[in-house]
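> pasting the sequence and the predicted coordinates here, then a few questions.
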Amino acid sequence: MDNTYCRRFEGKVVLIVGGAGGMGSVTAKEFAREGAEVVITDVDVSRMERVAEEIRSSGGRCTTIKCDVTVASEVKNTVDTVLSKFGKIDILVYFTGILGEVAPIWESSEENWDKVMNVNLKGAFLFCREVAKHMIKRREGKIITISSVAGKDPNPYMLAYDASKAGLIGFTRGLALELAPYNVNVNCVVPGITETPFLNFMTEEAKKRSASLVPLGRLGKPEEIAKVVLFLASDDASFVTGAAWNVTGGRCPY
Ligand SMILES: NC(=O)c1ccc[n+]([C@@H]2O[C@H](COP(=O)([O-])OP(=O)(O)OC[C@H]3O[C@@H](n4cnc5c(N)ncnc54)[C@H](O)[C@@H]3O)[C@@H](O)[C@H]2O)c1
């Protein structure tokens, strides 16, 4: 652990949902490096344990809890477990998301629509609902959801994904208004296409084509998403709430 690194999150408890994923794992490591007590949750237990081990072996603190975000009882148990173990949740980050089928609407299944909506949108609702009850009582907290450039600038053949990510922006902005009187900041990060296992479905050629559409001329790195999440979770962003913050290399500049 680099002791000279800024430790903005000393004493803070951070719950990272989707913490085994490409962006979630890097963000978990950044929070741990800055002194946070990190809890990661995911369905992928082996990847989650690997991330936690990496954090602990470099001197950070990390606990894992298995949870399927689409099951309300598992979400409640996860939040209750964190609260009974650490007494509080200062920061919630909701990374969990799936792309689902890539197909025109006339070939798309109802099962896919429900699954994408449940993971990307309902899971965020379930986690925010449980954590908000706690943050309201403390009159303190930060919530950050992770949408996608597809939520502002949709792609064809992935309408469930487009709609879930646009919905997540609306959900986050509405929640920011509900929680503002309780001193809880709620913001959304809007990543552009970023190098993580999420892109495993794409060929190298397709990635190059996508990069050519980005004004900065390249894909994002998960560290670049993490830095913005940490900023929004920090005291430096105390007057930021209800924002949908682009990290897109200039794509979709609104
Ligand atoms: N990578 C990109 O290009 C990109 C671009 C824009 C937005 N995003 C969004 O950023 C977020 C993080 O993406 P990533 O690239 O890290 O993806 P990822 O696939 O690496 O991580 C997603 C994580 O969610 C977990 N997960 C899936 N279903 C779950 C469920 N039912 N319950 C609990 N956990 C579940 C997976 O196990 C995985 O660890 C996602 O919401 C994604 O939509 C990604």
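Great, that's in hand.
> the residue in the stretch 51-200 of the chain positioned nearest to the ligand: how many residues sit nearby?
Closest approach between the stretch 51-200 of the chain and the ligand, counting by CB to the nearest ligand atom: G97, at 2.1 Å. The C-beta positions use only the backbone N, C-alpha and C, and glycine is treated the same way. When neighbours are defined as other CB atoms under 10 Å, G97 has 27 of them.
> what's the answer for A124, then?
There are 28 residues near A124, going by other CB under 10 Å.
> tell me where the stretch 1-150 of the chain has strands.
13-17, 37-42, 61-66, 91-94, 141-146 (DSSP state E, counting those that start in this stretch).
> looking at the ones you listed, which is closest to P191?
Shortest distance between P191 and these, using CB to CB, is found for strand 141-146: 6.7 Å.
> show me what that closest one is packed against.
Of the remaining helices and strands, those touching strand 141-146 by 3 or more CB pairs under 8 Å, 6 or more residues apart in numbering; DSSP states H and E are strand 91-94, helix 123-138, helix 159-179, strand 184-191, helix 222-233.
> mean neighbour count, these: which tops it?
Using mean count of other CB atoms under 10 Å, the stretch among those with the largest mean neighbour count is strand 91-94, at a mean of 28.
> ok, the residue at minimal distance from the centre of the chain to T194 distance?
Most central residue of the chain, judged by C-alpha distance to the mean C-alpha position with CA atoms, centre = their mean, is F95 at 2.3 Å. With distances defined as CB to CB, to the nearest Å, the gap from F95 to T194 amounts to 11 Å.
> any shared contact partners between those two?
With contacts defined as CB atoms under 8 Å, 6 or more residues apart in numbering, the residues shared by F95 and T194 are M23.
> contacting residues around I98?
Contacts for I98 (CB under 8 Å, 6+ apart) come out as 115-116, 119-120, 161.
> just the ones of those in helices?
115-116, 161 (DSSP state H).
> how about the residues of the stretch 1-150 of the chain near the ligand?
Remark: the part of the stretch 1-150 of the chain in contact with the ligand comprises 18, 20-24, 42-44, 67-70, 95-98, 119, 146, 148-149, using CB under 6 Å from any ligand atom.
> next step: those residues restricted to helices.
22-24.
> contacting residues for the spatially closest residue to S108 that is not a sequence neighbour?
Counting by CB to CB, 6 or more residues apart in numbering, S108 lies nearest to E101, which is 6.0 Å off, once chain neighbours are set aside. With contact taken as CB under 8 Å, 6+ apart, E101 is in contact with 108-109, 112, 158, 160.
> adding distance to L168, write the residues you listed out as a markdown table.
Conversion of these to a markdown table gives the following (distance: CB to CB, whole Å):
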| residue | distance to L168 |
| --- | --- |
| S108 | 20 |
| S109 | 21 |
| N112 | 17 |
| M158 | 15 |
| A160 | 12 |
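> for the residues you listed, pick the one with the most neighbours.
Among the contacts of E101, the one with the most neighbours (other CB under 10 Å) is A160, at 24 neighbours.
> picking that back up, and the residue nearest to the residue nearest to the centre of the chain when sequence neighbours are not counted, how many neighbours?
Distances taken as CB to CB, 6+ apart place G18 nearest to F95, at 3.2 Å, with adjacent residues excluded. For G18, the tally of surrounding residues (other CB under 10 Å) stands at 27.
> also K207?
Residue neighbour count, defined by other CB under 10 Å, stands at 15 for K207.
> do E205 as well
The burial metric for E205, expressed as a neighbour count using other CB under 10 Å, is 8.
> check D68 too.
16.
> does F86 touch V39 like I think?
Yes. With contact defined as CB atoms under 8 Å, F86 reaches V39; the gap is 7.4 Å.
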